[in-house]
Every structure is written in C-alpha cells, then in structure tokens.
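>>> need coordinates for the following:
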Amino acid sequence: MRLSEEQIGALNRQGFLVLPDLFSGAEVDALRSRLPALFADGHEGNIVERESGEVRTSMGLHLRDEGFSALTRHPRLVEPALQILGEPAYIQQVKVNVKAAFSGEVWQWHYDFATHHEEDGVLRPLALNLHVFLDDVSEFNGPLWFIPGSHAVGAHGAHLDTATTSYPLWVVDPPTVKALAEKNGMVSATGARGTGLIFFDTLLHGSPPNMSPWDRAIFSLILNPVSNAATLCGRPDYKHHQDFSPVVPLDDNCLGVM
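Sure, this is the predicted structure:
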C-alpha cells in the first residue's frame, strides 16, 4: 500500500493523516477479541488508571500476542511508513491505549519525541506513530486532539509530569499550547473502527477524559528509522523495543481474516 501525493502533502502540512476504512470490521473484531485476555494477564506492560483500576495502556503487545505481532508488520501500516521515512525502520513501541467508558482519564498535552529523546536517547524526531481505531472514536469518548502544523515548530520545551495520572509523561506547558492553538486551531481525530491514523513525532496532541458510556481503544505502532535508534536502554523492552532489526511487511492477509 502506498500513499498518494495528495495524502503525503496533507500529512506534511497538518502533521497527521486520517485513513478511513484502513481495516475491515472483521479484522478489527479479531483484534478486539484478544484484548480481554491481554488486559487480565498480569503483565507489567498493563498500566491501569489511578482511580478506576481499568487498563489505561497495554504495552509490548507484539511480544505477547501473535495477532498484534502480525499487525505490527501489516503492509497497510508498514509500507506507508517506509514510503514516508525513505529508509529502513524498526519497531520502537507497540501498545493499545484505552479510554474505558465513564472512567478513562486524560492524556496531557505532549509530543512523543520528548519521551523518545529524554528517556531513550533518540537523537532526531523522525519516528512515526501509526494508529488503528479498535472502537468507533467520536467527539464524546476521548478522541485525540491535535494542533495542526505544530510538528513544524520542532521540539517544544517539555517537563516530566508524574502527578497528573498513573503514567509519567513528558508534557508541554499551557502557555505553549495556547499560543500554538490560537495560531493553528485544534482538531479531533475521529472515525469509525478500522480507521487508520499517521502522525509525526513532534505533533502536539492529547486527549480528554472519557465521560461517555462507550469504550475507546486505539492500537499504536511507532516505527523509527534504524539510523535513529535509541542510544539509551533505561526503559524496559515493552516501552522501547531493543531489537533494531528492520521491520519487513507481511502479506496483506497476515491477520488471517477473510
């Protein structure tokens, strides 16, 4: 699968690209059915919400489940990423971020490169975040909020927030967010289950709490050029994968769903 010139142009302008109907309902159902067992397996990659105890993010899924391992090498994700990057890339991180109905908590304003740089020693903001919506994502159940074009500013100042939620995060201060939002506006990334999403490592984003009665689960694969691999190994493998071998796409039917 390759992106069109128009899609590449939109991605470069906005910092993100939405791909409706990237995966079928049957493919999403097969993936979604694997989550309850993964959430209950006691793995340290399952980080729960501070208040509710519901899973907030489940990490390292490619190391724990064959279905999600196949998804990390799916050509509908890997081929566009390699097209954008123009060089070999490795699997940096794999997770499902969850906003459980009524209790899913906030993800503060941040950009991913701050964590990759500060904690993993990644030198350049080249990694790509590749998402698949495993539930319908609406305005009501905690969608990602983006500030379009904020990726073009490069690395913003960030600080480590260990107090707001159960997951420490390198966040951006409110004055910076306000200035960029007033200049560029804000958008929500919404769509039906099976929607794909690509965004850059310096794109400013966050997501509000989920007060709705509908769950929201989003699969996330981060691919980073092999030439830009982590230089620090302080975080566990499920947070930043230490195998820097180039990812090779599988066949389109790798999920085994017709």
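
>>> any weak-confidence spans in the stretch 51-200 of the chain?
Low-confidence segments of the stretch 51-200 of the chain (pLDDT under 70): none present.

>>> where exactly do the strands run in the chain?
With DSSP state E as the criterion, the chain has strands at 16-19, 46-48, 55-59, 89-99, 107-110, 128-133, 144-146, 159-161, 169-171, 187-189, 196-200, 205-207, 216-225.

>>> to residue 69, which of those strands lies closest?
Shortest distance between residue 69 and these, using Cβ to Cβ, is found for strand 89-99: 8.3 Å. The C-beta positions use only the backbone N, C-alpha and C, and glycine is treated the same way.

>>> got the angle for that closest one vs strand 128-133?
On the basis of axes from the mean of the first three to the mean of the last three Cα atoms, to 10 degrees, strand 89-99 is oriented at 40 degrees to strand 128-133.

>>> which other helices and strands does strand 89-99 contact?
strand 55-59, strand 216-225 (3 or more Cβ pairs under 8 Å, 6 or more residues apart in numbering; DSSP states H and E).

>>> circling back: mean neighbour count and distance to residue 248 added to the strands of the chain, as TSV?
Listed next are the strands of the chain as TSV, based on neighbours: other Cβ atoms under 10 Å; distance: least, Cβ to Cβ, whole Å:
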stretch	mean neighbour count	distance to residue 248
strand 16-19	22	21
strand 46-48	19	28
strand 55-59	22	22
strand 89-99	24	10
strand 107-110	21	31
strand 128-133	24	16
strand 144-146	21	28
strand 159-161	13	35
strand 169-171	20	31
strand 187-189	17	28
strand 196-200	22	19
strand 205-207	22	29
strand 216-225	24	12
